[in-house]
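K.L.:
I'd like to go over a predicted model; first the sequence, then the structure.
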Amino acid sequence: MKPHGTHTDPPPSPALRVQALESLLIEKGLIDPGAIDEIVELFEHRIGPRNGARVVAHAWSDPRYKERLLANGTQAIAELGIGGMQGEDMVVLENTPRVHNVVVCTLCSCYPWPTLGLPPNWYKSAPYRARIVIEPRRVLAELGLELAAETEVRVWDSNAEIRYMVLPMRPAGTEGWSEERLAALVSRDAMIGTAVPTIEPRGGASPR
Amino acid sequence: MNGIHDLGGMHGLGPVVREENEPVFREEWERHVFAVLNLTLAAGQYNVDELRHAIERMDPARYLQTSYYEHWLHAAEDLLDAKGVVTREELLRRAAEITQRSSAAASGTSHSQVSGAPSGSRAPGAGRLPSE
C-alpha cells in the first residue's frame, strides 16, 4: 500500500489504476459488478486445456471426427459444446511422424481460449514470441522437446482472426483406452506444440 | 505496421522461462484487468482491433518492461480516454481518492485492508475486490 496519493506522486500502480477504472465504469453504469467475478471464475476455473484435451481424445478415438476437425476446426469443436470468444476461427494442425507443428502469436499473444484457457506467461513472453520463429528446434529443446533431425517443424503465427491448436500424435500403447483416459495424457503444451503426449509420467504431478 | 510489438525474429531477448503449475492470474489486479477489458469489449466500448492497436502504440521501452495485463490496462485507459468515456483526469482523481481513503482507514480504524472501501463510499465498486 502506498502511504498517500497526490497528483505529484509517481504513476499509480496497475492495481490502483484498475481499481479506479473499475469503480468509475461501475458508477457510470457501463459494467455490471456481478459480471466481474463471473467472468474471472469462468476463465480461472472452468475454461482450460481440459477442453482441448477432450477434443484431442475424441479425434484419436473417432477417425471421422478427426477428419471433420481437420477440415473445419470451429465446427467440429462446437460439436463437443466448446466455443466462444477467441475460438471463432479455429484451425487444427495435425502432427505426424514427419511433421511437428508449433503455435505462436508473434505480434501479441493470441491464443484459443475456449480450448486451452488463458495463455501461460512464457507463451506471452517476448523471448518465446521472438525466438520460436527463427530457432524453433532450439527453443523446443530448451523446453524439453527434442525432435528427430528429419522431422519437419512448422511454426504457425496467429493472425487477427485465426486461432491454432495442435492435434498431437496418439502415443503408442494406448490402444483400447477410453477417451477420458486418453484426455488425461494431453497437456496444454502438447496442444501448443511445445511438448508431446507420452504414457510415461514426466516428473511433474500435473500435466502442463 | 512494424513496431516494438513485432517481436518475431528479434535477437537478444534471453531464454524462454517456463514456470511449472503457474496460476492463471498471478495477482488480484490481473483478474480485474481481465474482467474490465472483456466486459467493456462486450459492452461495445471498443473492439479487439482497437485494443490491439492501442497496445501497439505503446512507448516501445515501456512495452517491453510491462506485462501482458499492463498492456491491456494501458489500452483500456487510452481508448476510454480518447472516447471520453473515462478521462485520464477522472481516473487520476479517483485513484488519489482511493489512496486517501485507504490510508485514512489504515490510520483511523482497524480497517486497514488496501482494497476495502469504507462504508458510505461514493464508489460502489471500489471496495468489492473479491478476496482470494
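P.N.:
Everything's here; your move. Numbering: from 1, shown residues only, chains lettered A, B, ... in the order given.
K.L.:
residues contacting the residue nearest the centre of chain A?
P.N.:
Geometric centre of chain A, nearest residue: residue A:116, 3.7 Å, by Cα atoms, centre = their mean. By Cβ atoms under 8 Å, 6 or more residues apart in numbering or on different chains, the contact list for residue A:116 reads A:48-49, A:51-52, A:165, A:188, A:191-192. Placement of C-beta: from N, CA and C, glycine included.
K.L.:
Which of the residues you listed fall in helices?
P.N.:
A:49, A:51-52, A:188, A:191-192 (DSSP state H).
K.L.:
Show me what the host helix or strand of residue A:155 is packed against.
P.N.:
Secondary structure from DSSP states H and E places residue A:155 in strand A:152-157. In terms of contacts (3 or more Cβ pairs under 8 Å, 6 or more residues apart in numbering or on different chains; DSSP states H and E), strand A:152-157 is packed against strand A:90-94, strand A:99-104, helix A:136-142.
K.L.:
ok, 7 Å please
P.N.:
Packed against strand A:152-157, as judged by 3 or more Cβ pairs under 7 Å, 6 or more residues apart in numbering or on different chains; DSSP states H and E, are the following elements: strand A:99-104, helix A:136-142.
K.L.:
residue ranges of the helices in chain B, please?
P.N.:
B:28-42, B:48-56, B:60-65, B:68-82, B:88-108.
K.L.:
and the ones you listed as a markdown table, adding mean pLDDT, mean neighbour count and distance to chain A?
P.N.:
Output for those, formatted as a markdown table (pLDDT from 0 to 100; neighbours: other Cβ atoms under 10 Å in any protein chain shown; distance: least, Cβ to the nearest Cβ, whole Å):
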| stretch | mean pLDDT | mean neighbour count | distance to chain A |
| --- | --- | --- | --- |
| helix B:28-42 | 96 | 21 | 4 |
| helix B:48-56 | 94 | 17 | 6 |
| helix B:60-65 | 93 | 12 | 6 |
| helix B:68-82 | 96 | 20 | 5 |
| helix B:88-108 | 91 | 17 | 3 |
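K.L.:
can you list the domains in chain A?
P.N.:
A:14-45, A:48-192 (automatic domain parsing).
K.L.:
Could you measure from residue A:110 over to residue A:144?
P.N.:
Distance of residue A:110 to residue A:144, given as Cβ to Cβ, to the nearest Å: 24 Å.
K.L.:
More neighbours: those two, which one.
P.N.:
Ranked by neighbour count (other Cβ atoms under 10 Å in any protein chain shown), residue A:110 and residue A:144 place residue A:110 first, with 23 against 14.
K.L.:
would you list the ones in helices among the contacts of residue A:116 in TSV and tack on distance to residue A:76 and neighbour count?
P.N.:
Output for those, formatted as TSV (distance: Cβ to Cβ, whole Å; neighbours: other Cβ atoms under 10 Å in any protein chain shown):
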residue	distance to residue A:76	neighbour count
A:49	17	23
A:51	13	24
A:52	12	28
A:188	20	21
A:191	15	27
A:192	19	28
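K.L.:
which of those sit farthest apart?
P.N.:
Greatest spatial distance among the ones in helices among the contacts of residue A:116 (Cβ to Cβ): A:51 and A:192, at 14.0 Å.
K.L.:
okay if I get the domains of chain A as a markdown table plus mean pLDDT?
P.N.:
Shown next, in a markdown table, are the domains of chain A (pLDDT from 0 to 100):
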| stretch | mean pLDDT |
| --- | --- |
| domain A:14-45 | 96 |
| domain A:48-192 | 96 |
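K.L.:
Make JSON lines from those domains and add distance to residue B:41 to it.
P.N.:
As requested, the domains of chain A are exported to JSON lines (distance: least, Cβ to Cβ, whole Å):
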{"stretch": "domain A:14-45", "distance to residue B:41": "10"}
{"stretch": "domain A:48-192", "distance to residue B:41": "9"}
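K.L.:
Relative to residue B:9, which of those is closest?
P.N.:
It is, among these and with distance given as Cβ to Cβ, domain A:48-192, at 4.9 Å.
K.L.:
hang on, the earlier thing: for the helices of chain B, give me a markdown table that also has distance to residue A:148.
P.N.:
Formatted as a markdown table, these follow (distance: least, Cβ to Cβ, whole Å):
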| stretch | distance to residue A:148 |
| --- | --- |
| helix B:28-42 | 39 |
| helix B:48-56 | 37 |
| helix B:60-65 | 35 |
| helix B:68-82 | 34 |
| helix B:88-108 | 54 |
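K.L.:
element containing residue A:75, please.
P.N.:
When elements are assigned from DSSP H and E, residue A:75 belongs to helix A:73-79.
K.L.:
thought residue A:155 was touching residue A:135?
P.N.:
No - taking contacts as Cβ atoms under 7 Å, residue A:155 lies outside contact range of residue A:135: 10.2 Å.
K.L.:
Same drill for these two, tell me which one is more crowded.
P.N.:
residue A:155 (18 against 14).
K.L.:
beta partners of the more buried one?
P.N.:
residue A:102 (DSSP bridges).
K.L.:
Find the nearest non-adjacent residue to the most centrally placed residue in chain B, please.
P.N.:
By Cα atoms, centre = their mean, chain B has its centre lying nearest to residue B:73, at 3.4 Å. Take residue B:73 and drop its neighbours on the chain: the residue closest to it by Cβ to Cβ, 6 or more residues apart in numbering or on different chains is residue B:33, 4.9 Å away.
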